[in-house]
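Novice: give the three-dimensional model of this entry:
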Amino acid sequence: TVSLRVFFVISPHLLNLKNMNFMNRVIVACCILLCTSVWKISAQDYPFRRADLPVEERVEDLVRRMTLEEKIDLLAGYQDFYLHPCERLGIPAFKLADGPLGLASWGLFGKATAFPSALSLAASWNRDLAARVGDCYGQEWRARGIHFLLAPGVNTYRASKGARNFEYMGEDPYLSSEMVVPFIKGVQERGVIATVKHFAANDQEYDRYRVSSEVSERALREIYLPAFKAAVQKAGVKAVMTGYNLLNGSKVVLGAKDLANVSVKAEVVNDEAKGPKISIMKYKNKTGVARRKGHRQQLTAVKITAIA
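Specialist: Numbers count the residues shown, from 1 in each chain. Presented below is the predicted three-dimensional model:
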């Protein structure tokens, strides 16, 4: 605040720098230095900006400083493929881009390499190849300054008419699990955040916002969740995208009852008596703005490092 006030006071004089005498020029120069130093000091006051602190501590500090509205804003998109910025805390508008077959930016980021489908990559049964392909994806995203890769997809190839089967890694949960781990590591070693999707049982495109996948808990754990579990526990994936569908009658994005003990999240509030909890706020996305409906729902959750 101080730096901004000083700047606006001296800015009219900057326009007439040539007409100033020597003393006035010295005063202006000192004011500019003061602005810079005050800004740097204020920016370094926040622990979440300190690279020498553990990531967990920095995240905790950042989350504590964000208002509820700022947190809700991060639930929705912003100007096409961006996350809402938080200018007050210096958080930029992070860029995102699809997708499973290479950078699909809808014209936002220019032309890019068209990679073979994820299904064909899985058919190679070659972990080293998956790592090399992931590395290439990371380079493509990094070269364009894009922070999030909205891939890989690991939904199960359940029916031949699934419109996005080619984006996934087949029908075998073991194969998908083995191939997705090196791919994710290859991407993230380039400084790009991979996003495993669509959690969970999102196996068709037709009527995908209303259809409900009816799956038993045993089938979930043995067929539909292993690849997600491997992505989190073995690959350390940094983001998870929920499915569009309902699961056994409940919206996945709000925590289907069958996923109550297998939820994935990036941050968690610990309650030793009742176990980890996360408070989820319903929102409606219009014109890229998250709007609260006033309904809160408590979901049992686990940390990003594990799926129970």
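
Novice: using the three-state scheme, assign Arg64.
Specialist: helix (DSSP: H, G, I helix; E, B strand; the rest coil).

Novice: please report how far it lies from Asp73.
Specialist: Using CB to CB, to the nearest Å, Arg64 is found at 17 Å from Asp73. For the C-beta atoms, the positions are set from N, CA and C on the backbone; glycine is no exception.

Novice: what's the answer for Leu220, then?
Specialist: To Asp73, Leu220 is 32 Å away according to CB to CB.

Novice: neighbour count for Arg64 and Asp73, which is higher?
Specialist: Asp73 (19 against 9; other CB atoms under 10 Å).

Novice: wouldn't that one be in contact with Arg88 here?
Specialist: No: checked against CB atoms under 8 Å, the pair Asp73 and Arg88 is beyond contact range at 11.3 Å.

Novice: doesn't Val187 lie inside a strand?
Specialist: No: membership of Val187 in a strand is not supported by three-state DSSP, which gives helix.

Novice: what residues are up against it?
Specialist: Going by CB atoms under 8 Å, 6 or more residues apart in numbering, Val187 touches Gly134, Asp135, Tyr137, Gly138, Trp141, Leu149, Ala194.

Novice: same thing with Ser124?
Specialist: Contacts of Ser124 by CB under 8 Å, 6+ apart are Ala130.

Novice: what does Arg210 give?
Specialist: Arg210 neighbours (CB under 8 Å, 6+ apart): Leu246.

Novice: same question for Ile193.
Specialist: Shown in contact with Ile193 (CB under 8 Å, 6+ apart): His147, Phe148, Leu149, Lys238, Ala239.

Novice: can I get the residues you listed in TSV including distance to Arg50?
Specialist: Formatted as TSV, the contacts of Ile193 follow (distance: CB to CB, whole Å):
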residue	distance to Arg50
His147	20
Phe148	24
Leu149	27
Lys238	20
Ala239	23
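
Novice: secondary structure class for the residue nearest to Ala230 when sequence neighbours are not counted?
Specialist: Leaving aside its sequence neighbours, Ala230 sits nearest to Ser177 (CB to CB, 6 or more residues apart in numbering; 3.8 Å). Following three-state DSSP, Ser177 is assigned to helix.

Novice: against Met169, how distant is Ser177?
Specialist: Ser177 is 9 Å from Met169, by CB to CB.

Novice: with neighbour numbers in mind, choose between the two.
Specialist: Neighbour totals were compared for Ser177 and Met169, and Met169 leads with 30 against 21 (other CB under 10 Å).

Novice: contacting residues for the more buried one?
Specialist: Met169 neighbours (CB under 8 Å, 6+ apart): Ala118, Leu119, Leu121, Ala122, Pro152, Gly153, Val154, Leu175, Ser176, Met179, Val180, Ala227.

Novice: the first one reaches Ala130, doesn't it?
Specialist: Meaning Ala118. No: contact criterion CB under 8 Å: Ala118 and Ala130 do not qualify, at 9.4 Å.
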